[in-house]
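J.: My questions are about this predicted structure, shown below with the sequence.
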Amino acid sequence: MARISPGVTVGALTLGALAVVALLAVQAEGTGPAVAAARPVASASATAAPSPSASAAPSLAPLPAAGATGSTRRVVYSIGARQVWLVDPKKNPQLVAAFTVEPGSVSPNPGSYTVYSRSATSAGTDGRQVEHVVRFTQQSGTVFGFSAAVDGATPAADPNAKTGGIRETRQDAQTLWDFAPAGTRVLVVA
């Protein structure tokens, strides 16, 4: 039976440890695989190019002017466009990702908010199990936040129920979760 020298074993363990550290560093920066797969865009004025696997993806609107200015990291949500943009002024390009969403039956008032609560999993107001819940305001008893249904469904909200959950795909919800810890600004535009 062939013996493996201690030098080869130590080298293999060192390479494995470096790979794990590099992966964790990339994830900590918020640029891991989930962000790269979230239909990144080339510039704040350009629309997002569909990912290679989503050739039938709807075309995305450009970042609204109100969301393009500012020096803070922010999530921009357009009620009318049913779209979210993740903007980080410290990155080049500043527009990290953009994707469509399915709004709840009630919309938040346009304005500036802050992420105040997050839950890895929860029950949605529609009874579905949801994940990556990022809440940013409460108005008239309705909680508004972003989430993804664990089963991956993004059906239109029941107009007879008062829901403020803004649904994303599971992939997009992971991207927003990684991008928007508590305290992140959320700008809601009409």
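T.: Cool, got the structure.
J.: Tell me the bridge partners for residue 129.
T.: Residue 129 forms beta bridges with residue 123, as assigned by DSSP bridges.
J.: right, I mislabeled it, should have said residue 118
T.: For residue 118, the beta-bridge partners under DSSP bridges are residue 134.
J.: Quick one: residues contacting it.
T.: For residue 118, the contact set (CB atoms under 8 Å, 6 or more residues apart in numbering) comprises 133, 134, 135, 177, 181, 182. Where you see a C-beta, it was placed from the backbone N, CA and C, and this is true even at glycine.
J.: Quick one: the residues you listed as a markdown table, columns for pLDDT, neighbour count and distance to residue 157 too.
T.: What follows is the contacts of residue 118, written out as a markdown table (pLDDT from 0 to 100; neighbours: other CB atoms under 10 Å; distance: CB to CB, whole Å):
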| residue | pLDDT | neighbour count | distance to residue 157 |
| --- | --- | --- | --- |
| 133 | 97 | 21 | 16 |
| 134 | 98 | 24 | 18 |
| 135 | 98 | 21 | 17 |
| 177 | 98 | 21 | 21 |
| 181 | 98 | 12 | 26 |
| 182 | 98 | 12 | 25 |
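J.: Looking at these, which is nearest residue 80?
T.: residue 134 (20.7 Å; CB to CB).
J.: any idea how far that closest one lies from residue 92?
T.: With distances taken as CB to CB, to the nearest Å, residue 134 is found 25 Å from residue 92.
J.: in this structure, what secondary structure element scores lowest on mean pLDDT?
T.: Using mean pLDDT, DSSP states H and E, helix 33-36 stands out as the lowest-scoring helix or strand of the chain, at a mean of 34.
J.: Which SSE is immediately downstream of that one?
T.: Once helix 33-36 ends, the next helix or strand along the chain (criterion: DSSP states H and E) is helix 65-68.
J.: What is that following helix packed up against?
T.: For helix 65-68, the contact count by 3 or more CB pairs under 8 Å, 6 or more residues apart in numbering; DSSP states H and E identifies strand 74-78, strand 83-87, strand 185-189 as packing neighbours.
J.: now those strands as TSV including mean pLDDT, distance to residue 98 and mean neighbour count?
T.: As requested, the helices and strands packed on helix 65-68 are exported to TSV (pLDDT from 0 to 100; distance: least, CB to CB, whole Å; neighbours: other CB atoms under 10 Å):
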stretch	mean pLDDT	distance to residue 98	mean neighbour count
strand 74-78	98	9	23
strand 83-87	98	5	25
strand 185-189	98	14	20
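J.: Out of the ones you listed, which gets nearest to residue 172?
T.: Per CB to CB, nearest to residue 172 of these: strand 83-87, 7.5 Å.
J.: quick check: angle from the closest one to strand 74-78?
T.: Interaxial angle, strand 83-87 versus strand 74-78 (axes from the mean of the first three to the mean of the last three CA atoms, to 10 degrees): 160 degrees.
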